[in-house]
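In: no sequence for this one, just the structure:
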């Protein structure tokens, strides 16, 4: 196929996302197989069709793509509004999302937040929050202000907006994942908070192009970003079903730690939390201190014994991984067998240990100690 002359690499990435039938999973597969979005568009149709999941129909759609004007319009919007368009191959793309099979191939980011910060905590809950839920949200965030974690939520009414505002009050970075393009803020009543979040070093993120209208199917997509960005997810209040429960289930599928406040028996606003705890999909939580202890977080200004610089204080799972590593690189498959951990849990722990500076990732899914 013939590409537009001097085509911008960002336009090529956006164009690939606009090809009918090519979703996030296929974008990643195509780029990994061909090497780059440009190479995908230049590849022969017959070769494209042989890539798993592509086939004749999608190969024809790639070769027949002509909507470059839409891709260029989106690229102009991104640049004119100082938005970061992070492709999954970019260094700044959230590494936690790379371990999620259905993660977005591109994330649009308004703001300077580090999406690879060492501690990321998701906080979600019902839109119809009670005074109890609001109090628990504020108390949780305030109790974690010395742990320098980034608070992630969805900018919605109820628990979400309380979490963002509490983070701002506590001086913590906070990130909102939204279900629409970054040309708007929904709900409109939260524009001032969204602006403060960006100004204070946080961010608003989305996988949607500008002009995308809100629709019910986009909220689960937004929820998977919240679940994927965080190390742990807390459900403060939730009815028996709803977005918070969906987010918790997604977080469990990503091998994230999930916690829930129990609330009161018989309280409709806590039905979902109690169900998560009862079915072992969430650990019972009553304070920020319990969360920090469960996650192995220490206050950033706490005095550490001198020997920890040489001998990290591993939890039992981290110790198994550390003992299996050495000066020579070890393949992830070998670590899987040696550690006895599930694939998802191993990936998450390796990522966390890499971010702490304990483990070094090498090409070919190999790992070694970094000290």
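Out: All right, it came through fine. Please read these numbers as outputs of a predicted model, since none were measured by experiment.
In: which stretches of the stretch 251-371 of the chain have low pLDDT?
Out: Along the stretch 251-371 of the chain, segments meeting pLDDT under 70 span 301-312, 327-328, 363-364, 371.
In: strands of the stretch 201-350 of the chain, residue ranges please.
Out: 203-206, 232-235, 257-260, 283-284, 330-331 (DSSP state E, counting those that start in this stretch).
In: with mean neighbour count and distance to residue 161 added, can I get the ones you listed in JSON lines?
Out: All C-beta spots, glycine's among them, are computed from the backbone N, C-alpha and C. Shown next, in JSON lines, are the strands of the stretch 201-350 of the chain (neighbours: other CB atoms under 10 Å; distance: least, CB to CB, whole Å):
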{"stretch": "strand 203-206", "mean neighbour count": "24", "distance to residue 161": "13"}
{"stretch": "strand 232-235", "mean neighbour count": "27", "distance to residue 161": "15"}
{"stretch": "strand 257-260", "mean neighbour count": "24", "distance to residue 161": "19"}
{"stretch": "strand 283-284", "mean neighbour count": "15", "distance to residue 161": "25"}
{"stretch": "strand 330-331", "mean neighbour count": "16", "distance to residue 161": "45"}
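In: turn those into JSON lines, including distance to residue 290.
Out: Formatted as JSON lines, the strands of the stretch 201-350 of the chain follow (distance: least, CB to CB, whole Å):
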{"stretch": "strand 203-206", "distance to residue 290": "28"}
{"stretch": "strand 232-235", "distance to residue 290": "11"}
{"stretch": "strand 257-260", "distance to residue 290": "8"}
{"stretch": "strand 283-284", "distance to residue 290": "9"}
{"stretch": "strand 330-331", "distance to residue 290": "34"}
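In: for the ones you listed, which one sits closest to residue 317?
Out: Closest approach to residue 317 among those (CB to CB): strand 257-260, 11.7 Å.
In: could you pull out the helices for the stretch 51-200 of the chain?
Out: In the stretch 51-200 of the chain, the segments counted as helices under DSSP state H, counting those that start in this stretch are 55-63, 68-80, 95-98, 131-143, 159-170, 191-199.
In: just want the angle from the fourth one to helix 159-170.
Out: The directions of helix 131-143 and helix 159-170 differ by 40 degrees, with axes from the mean of the first three to the mean of the last three CA atoms, to 10 degrees as the criterion.
In: next one: the second one
Out: Inter-element angle recorded for helix 68-80 and helix 159-170: 30 degrees (by the same axes, to 10 degrees).
In: how does the chain divide into domains?
Out: When the chain is parsed with automatic domain parsing, its domains come out as 1-80, 109-295, 306-369.
In: and among those, the most buried is which?
Out: Of all the domains of the chain, domain 109-295 has the most neighbours on average by mean count of other CB atoms under 10 Å, namely a mean of 20.
In: quick check: chain neighbours aside, which residue is closest to the most centrally placed residue in the chain?
Out: The centroid of the chain falls nearest to residue 229 when counting by CA atoms, centre = their mean (2.1 Å). Nearest non-adjacent residue to residue 229, counting by CB to CB, 6 or more residues apart in numbering: residue 152, 5.1 Å away.
In: wait, residue 148 touches residue 300, no?
Out: Yes - with contacts defined as CB atoms under 8 Å, residue 148 counts as touching residue 300 at a distance of 4.6 Å.
In: what's the closest of the helices of the stretch 51-200 of the chain to residue 317?
Out: helix 95-98 (17.1 Å).
In: what does that closest one rub up against?
Out: With contact meaning CB atoms under 8 Å, 6 or more residues apart in numbering, helix 95-98 is reached by 88, 103-104, 107, 116, 120, 225, 228-231, 348, 351, 354-355.
In: now with 7 Å, please.
Out: Outside helix 95-98, the residues that touch it by CB atoms under 7 Å, 6 or more residues apart in numbering are 88, 103, 116, 228-229, 351.
In: and that helix, which residues are buried?
Out: With burial defined by 16 or more other CB atoms under 10 Å, the residues of helix 95-98 counted as buried are 96-97.
In: what mean pLDDT does it have?
Out: Computed over helix 95-98, the mean pLDDT rounds to 92.
In: could you do stretch 133-150 as well?
Out: 95.
In: check whether the residue lying closest to residue 3 once chain neighbours are set aside sits in a helix, strand or coil.
Out: The shortest distance from residue 3 to any non-neighbouring residue, by CB to CB, 6+ apart, is to residue 41 (5.9 Å). Of the three states, residue 41 takes helix according to DSSP: H, G, I helix; E, B strand; the rest coil.
In: roughly how far apart are residue 41 and residue 125?
Out: 43 Å (CB to CB, to the nearest Å).
In: again, but for residue 332
Out: Going from residue 332 to residue 125 by CB to CB gives 35 Å.
In: select, out of the helices of the stretch 51-200 of the chain, the one closest to residue 277.
Out: Of the helices of the stretch 51-200 of the chain, nearest to residue 277 by CB to CB is helix 131-143, at 14.6 Å.
In: which helices and strands does the closest one pack with?
Out: helix 159-170, helix 288-295 (3 or more CB pairs under 7 Å, 6 or more residues apart in numbering; DSSP states H and E).
In: next, format those helices as a markdown table and append distance to residue 132.
Out: Output for these, formatted as a markdown table (distance: least, CB to CB, whole Å):
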| stretch | distance to residue 132 |
| --- | --- |
| helix 159-170 | 11 |
| helix 288-295 | 16 |
